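Asker: Give me the fold of what follows.
(chains A and B)
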Amino acid sequence: MRVALFLTCVNDTLYPDTGRAVVKLLTRLGVEVDFPSGQTCCGQAHYNTGYRHEAEPLARHFAEVFAEYDAVVTPSGSCGAMVRELYPRMGERARAEGRGDTLTAMLAPVVPKTYELTEFLVDVLGVTDVGAYYPHTVTYHPTCHGLRSLGLGDRPRRLLEAVKGLELLELPGAEECCGFGGTFAVKNADVSAAMGADKVRNAESTGAEVLCAADNSCLMHLGGTMARLRTGMRPVHIAEILASTEEAVTV
Amino acid sequence: MSGTFVGMPAFPEAARTAVRNPTLRGNLRHATHTIRDKRARAVAELDDWAALREAGRRIKDHTLRHLDRYLVQVEEAVTAAGGTVHWAADAEEANAIVARLVKETGEREVVKVKSMATQEIGLNEALEAEGIHAYETDLAELIVQLGKDRPSHILVPAIHRNRGEIRDIFRSEMGEWGRPAPEGLTDAPAELAEAARLHLREKFLRAKVGISGANFVVAETGTLVVVESEGNGRMCLTLPETLISVVGIEKVVPRWQDLEVFLQTLPRSSTAERMNPYTSMWTGTTDEDGPGTFHLVLLDNGRTDALADEVGRQALRCIRCSACLNVCPVYERAGGHAYGSVYPGPIGAILSPQLRGTGSEIDASLPYASSLCGACYEVCPVAIDIPEVLVHLRERVVQGGPAVRRGNRVVLRPAKGHAAERAAMRAAQWAFTHPGALRAGQRLASRTRRFHPRTLPGPGRAWSGTRDLPEVPAEPFRDWWQRTRGGKDGAE
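Answerer: Numbering: from 1, shown residues only, chains lettered A, B, ... in the order given. Take a look at the predicted model:
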């Protein structure tokens, strides 16, 4: 199976540690993963802000870059949902605008073979115990698009529960949005910040050292809020926890 | 739509005030979480919830697709049962019809059943201008009316008020409108309810004209349905001599049997009850029982325009249950008034810009009043994909395009104020289709990272006013991958 990592533009630019963690984790599980260097961005920010036509070239570019792989793994529920849920919708809209099936035909092949990381681990590789070691208290925030668009369900939790040394603490109001929402974070900054502060307070109330999620964009918003509120908690992507081993513990 | 909210600022400014009001935040948080949790339990009781939701969606879609036929059927059935049907293209027409009908009775007062359609068209204000007093009889609508306030929730319009505030409103205002509040009224719920009951009883017994909306209109018999909790609706629908019902054209269902779906999904979604306490149904007039004169005003007011939009039309499936409001994290913090419409929350954010158009500042800002978290879609009993419609309306705001306004095909121009964003989106699109350019940008960011501030000036404060900026790493992932051949060279 030829497996490609779609790291996402945010992770590539700001969170390379998450990328290295995915590579380390998949390699440990016997999967050889490639990083096609032509990859850029799935187009979600464009699409969700109302620039669907500007997002189309990015979707076509994505389909070209990942055409030859059997599976595309991405450590982002949100970008995974963009490909799986919204690429087909972009095709439908193009058809409704009288542009035929060209876009649908071009995007269709990448849709079913794109997996969010925890889906790939649990559904494709069939593992929940990835042999990780992480001696910390952790609370998990299920990010919205992973939770509701992809239906990740309890996959992330099962993976975390199998990590040695990790104590998982229940996050109150876990399924409430953190308030990031892409451009929402700046277009409605006051509401976004209020949602973020409430989420951080809930996380803090667990007493956990680490707030874990499967989306670094949400963690960027929450991490920035936690730093400003001087909570002492830190945001960590789930890939970095799962990549951590007794020989090489992620901080 | 109603002039009540004319001149509202855009959503972000209105929300800013609400977010900083601790009393409002507390009231809303307590109320929405209570209803939200109760709804979840009421829905979980039904094994066939998913099937009911799908059935509701299909019934509504079918009806909307054949609305022309069903509306004529409604007119024929209501007329045959002794009622009179009026057609109103917009709020102005509907208000004029109702004012004329009330004047023809010679009365100067009307009692009202809680109704979103009459709030939408600003009927009370229009009647007042004609010298007719309209009295709201739903407890929460009464609180709003007495407090010279605006509704902030579809189901519980006074959700932004707590008990103490309600007691103060009753004490100071009830006397102006009729029977004053009892001496020594406290904020105990039973006392407040009793004060309202005594105040309203007088009005029920005196009124000769009742005005209502309807939750459903059954096309096959011309039967109107109102579901409610307090019994005030039953009073208004049965005691007066004349009944006038103002109903949006999307409220039609073809058959009685269709009610079996909605009379399960609506109460569980809205008040979290298995069945609402009062369900009133009437078909035209009945000799010596109930109002002797019945008028049905069928209201368009932008609904046909919304129906013409193949993505946006799903908003017309709404049965006004409010589940989306109660679960929405944005509504919980911004409050209902920030939406500048009698339809607040997620459904309001997709309904108002369709009914009123995206021309005003508030309407152009509503599609952005969401983090697209999808909780609204998850709880919607008629499966309105609210995030999908929000994104569709965002596109209409920034890119314009074809739409239908007042029955005419038009091509909308992009809204003002998005020029910089549009330029940025296009620049990003170029960079993202040229990986070399993206890499150059990433490297530049990495190499200059020592000079990056923790906070940003100007528009950047929208992010860094409350959140630290992320630190840019020493190299982007793609450079590490190339340098170490994907970690094979062992270099970290």
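Asker: mind checking the SS state of the residue nearest to the spatial centre of chain B?
Answerer: For chain B, the residue whose C-alpha lies nearest the mean C-alpha position (C-alpha atoms, centre = their mean) is residue B:343; its distance is 2.8 Å. At residue B:343 the chain is in coil, as set by DSSP: H, G, I helix; E, B strand; the rest coil.
Asker: Check residue B:410 too.
Answerer: strand.
Asker: Please verify my assumption that it contacts residue B:404.
Answerer: Yes. Applying C-beta atoms under 8 Å as the test, residue B:410 and residue B:404 come out as touching, 7.1 Å apart. Every residue, glycine included, has its C-beta placed from N, CA and C.
Asker: Dump the biggest helix by length in chain B to CSV, restricted to CA.
Answerer: Counting residues, the longest helix found in chain B (DSSP state H) is helix B:22-44. The C-alpha trace of helix B:22-44 is given here as CSV (Å, rounded to 0.1, in the frame of the first residue of the first chain):
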residue,chain,number,x,y,z
PRO,B,22,-21.9,38.9,32.8
THR,B,23,-25.6,38.8,33.8
LEU,B,24,-26.7,38.0,30.3
ARG,B,25,-24.0,35.4,29.9
GLY,B,26,-25.1,33.8,33.1
ASN,B,27,-28.8,33.8,32.2
LEU,B,28,-28.1,32.4,28.8
ARG,B,29,-25.7,29.8,29.8
HIS,B,30,-28.0,28.5,32.5
ALA,B,31,-31.1,28.4,30.3
THR,B,32,-29.6,27.0,27.1
HIS,B,33,-27.7,24.2,29.0
THR,B,34,-30.8,23.2,30.9
ILE,B,35,-33.0,23.0,27.8
ARG,B,36,-30.1,21.4,25.8
ASP,B,37,-29.7,18.6,28.3
LYS,B,38,-33.4,18.0,28.7
ARG,B,39,-33.8,17.8,24.9
ALA,B,40,-31.0,15.3,24.6
ARG,B,41,-32.8,13.0,27.1
ALA,B,42,-36.2,13.4,25.4
VAL,B,43,-34.8,12.5,22.0
ALA,B,44,-32.8,9.6,23.3
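Asker: which outside residues touch the following helix or strand past it?
Answerer: Per DSSP states H and E, the first helix or strand lying C-terminal to helix B:22-44 is helix B:49-65. The contact list for helix B:49-65 (C-beta atoms under 8 Å, 6 or more residues apart in numbering or on different chains) reads B:43, B:46, B:70, B:219, B:250, B:252-254, B:258, B:261-262, B:264-265, B:307, B:313-314, B:316-317, B:319, B:380-383.
Asker: tilt between the helix or strand following helix B:49-65 and helix B:49-65?
Answerer: Toward the C-terminus, helix B:49-65 is succeeded by helix B:67-80 as the next helix or strand (DSSP H and E). Angle of helix B:67-80 versus helix B:49-65, following axes from the mean of the first three to the mean of the last three C-alpha atoms, to 10 degrees, is 80 degrees.
Asker: Identify the residues contacting helix B:67-80?
Answerer: By C-beta under 8 Å, 6+ apart, helix B:67-80 touches B:63, B:84-85, B:217, B:219-223, B:249-250, B:252, B:254, B:283-284, B:294, B:296, B:298, B:307.
Asker: Which ones among these map onto helices?
Answerer: B:63, B:307.
Asker: which of the contacts of helix B:67-80 count as buried?
Answerer: Listed as buried from those are B:63, B:84-85, B:217, B:219, B:221-223, B:249-250, B:252, B:254, B:283-284, B:294, B:296, B:298, B:307; burial here means 16 or more other C-beta atoms under 10 Å in any protein chain shown.
Asker: so what's residue A:163 up against?
Answerer: For residue A:163, the contacting residues are A:130, A:132-134, A:241-242, A:244, by C-beta under 8 Å, 6+ apart.
Asker: Let's see if you can find the most crowded of the residues you listed.
Answerer: residue A:242 (31 neighbours; other C-beta atoms under 10 Å in any protein chain shown).
Asker: Who are the packing partners of the helix or strand hosting that one?
Answerer: Using DSSP H and E, residue A:242 maps to helix A:238-243. Helix A:238-243 sits against helix A:16-28, helix A:117-119, helix A:155-161, strand A:210-213, with contacts defined as 3 or more C-beta pairs under 8 Å, 6 or more residues apart in numbering or on different chains; DSSP states H and E.
Asker: so the longest helix anywhere in chain A versus helix B:22-44, what angle?
Answerer: Longest helix in chain A by number of residues (criterion: DSSP H): helix A:189-205. Here the directions of helix A:189-205 and helix B:22-44 differ by 70 degrees (the same axes, to 10 degrees).
Asker: Are helix A:189-205 and chain B in contact anywhere?
Answerer: Yes. Using C-beta under 8 Å from any C-beta of the partner chain, helix A:189-205 reaches chain B at A:189-197.
Asker: contacting residues for residue B:407?
Answerer: Contacts of residue B:407 (C-beta under 8 Å, 6+ apart): B:304-305.
Asker: Recalculate using a threshold of 7 Å.
Answerer: By C-beta atoms under 7 Å, 6 or more residues apart in numbering or on different chains, residue B:407 lies in contact with residue B:304.
Asker: okay, it: pLDDT?
Answerer: Note for residue B:407: predicted pLDDT of 88.
Asker: got it, and residue B:459?
Answerer: On the pLDDT scale, residue B:459 gets 78.
Asker: Please work out how many residues are found near the closest residue to it other than its chain neighbours.
Answerer: What sits nearest to residue B:459 in space, not counting adjacent residues and going by C-beta to C-beta, 6 or more residues apart in numbering or on different chains, is residue A:186, at 7.7 Å. Around residue A:186 there are 17 other residues, counting by other C-beta under 10 Å.
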